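Chemist: Quick one, structure for this:
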Amino acid sequence: MKKLLIRNFILFPAFLLLTSSCITGKYAPAEKVYRKKVKAMGKLLTERPATSQLDKIVWDDKLWAATTNFGIRKPNYVVIHHTAQNSTDQTIKTFQLERTAVSSHYVVGRDGKVVQMVNDYARAQHAGLGKWGNNTDMNSSSIGIEMDNNGTTDPWPEVQINALIGLLKVLRETYNIPQGNFLGHADYAPNRKVDPFRFPWKRLAEEGFGYWYDEEPETPPASFDPVLALRIIGYDIRNIDNTVRAFKIHYIQDDSPENTLNEWDIKVLYAIFKKYL
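Modeler: Sure, this is the predicted structure:
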């Protein structure tokens, strides 16, 4: 039963848990730590009860009775980042250093190479502090994807975007992720982040990942409240200047003042707002 629980919960590639072959190559040290953590996760799940919370309850009338109806948590969001580094190898190295305390599920290289670093069912440390709707712990409910891009001068090569779209199609089909739940890091953390910058969100929306707007969006009614619309979409509006900046990074991508909405911006906001109703 213990082995079955571990297998059902972790769902990592079989060799991570069941083989004893040697791991060689430049990623071997990180792989050793990875396996150790996988083993610890499996042990945690098989505790009776899991995480032993009952031991903390002060009264005597308490009982562990296992149910047959349970499963593992699945991701419901995808958060896209840019690495702000110079290569895929540099990013992998950063994510393999425990002192950095950062990671993502996937890294997509400029050359279209896709590297998986965390199992989809495990919690990567990519989103940090932020808020989207009522979700304040995006790490626990999302897949993090890092795009190899320095965040300033790098273009977005077609081969890289095609690789990303291929990956997103698999994730959407596997986990039934809603169209509106494909976000940028800046969308979730507008007070801290601006990534991915100059990103081809329209292209992704055309494939069903996120929303976009018509070439001539309609004029909103006089009663339209932009701040309320941003909140309904999901944005954290506690610092409205940063929120507007994040919205414009995603949907406007021009040289207008970053924390103000002009007439065109408001039309775009209204179009996106209606998608979330």
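Chemist: Show me the helices in this protein, by range?
Modeler: For the chain, the helices defined by DSSP state H occupy 2-10, 14-18, 28-45, 88-96, 158-175, 185-188, 201-206, 226-233, 240-251, 263-275.
Chemist: could you give me the average pLDDT of stretch 215-224?
Modeler: Average pLDDT, stretch 215-224: 97.
Chemist: Show me the contact partners of that stretch.
Modeler: Stretch 215-224 is contacted from outside by Ile266, Lys267, Val268, Leu269, Tyr270, Ala271, using Cβ atoms under 8 Å, 6 or more residues apart in numbering. For every residue, glycine as well, the C-beta is placed using N, CA and C.
Chemist: Return the residues in contact with the second one.
Modeler: When contacts are counted by Cβ under 8 Å, 6+ apart, Lys267 touches Tyr213, Pro217, Glu218, Thr219, Pro220.
Chemist: Would you agree Asn242 is in contact with Lys193?
Modeler: No - Asn242 lies out of contact with Lys193 (Cβ atoms under 8 Å); the separation is 9.6 Å.
Chemist: Please report phi then psi for the residue nearest to Ser87 when sequence neighbours are not counted.
Modeler: Closest residue in space to Ser87, ignoring its immediate chain neighbours: Asp148 at 6.8 Å, by Cβ to Cβ, 6 or more residues apart in numbering. Phi and psi for Asp148, reported as degrees, to the nearest 10, are phi -70, psi 100.
Chemist: What separation do you get for the residue in the chain sticking out farthest from the centre and Ala66?
Modeler: Ranked by distance from the centre of the chain (Cα atoms, centre = their mean), the top residue is Asp60, with 41.8 Å. Going from Asp60 to Ala66 by Cβ to Cβ, to the nearest Å gives 21 Å.
Chemist: before we move on, back to that, now flag whichever of the contacts of Lys267 is closest to Asp89.
Modeler: Tyr213 (37.7 Å; Cβ to Cβ).
Chemist: Can you report how many residues lie near that closest one?
Modeler: 18 (other Cβ atoms under 10 Å).
Chemist: Correct me if wrong: it contacts Ile252.
Modeler: No - Tyr213 is beyond contact range of Ile252, at 10.4 Å (criterion: Cβ under 8 Å).
Chemist: Are there residues contacting both of the two? Which ones?
Modeler: Counting by Cβ under 8 Å, 6+ apart, the contacts common to Tyr213 and Ile252 are Val268.
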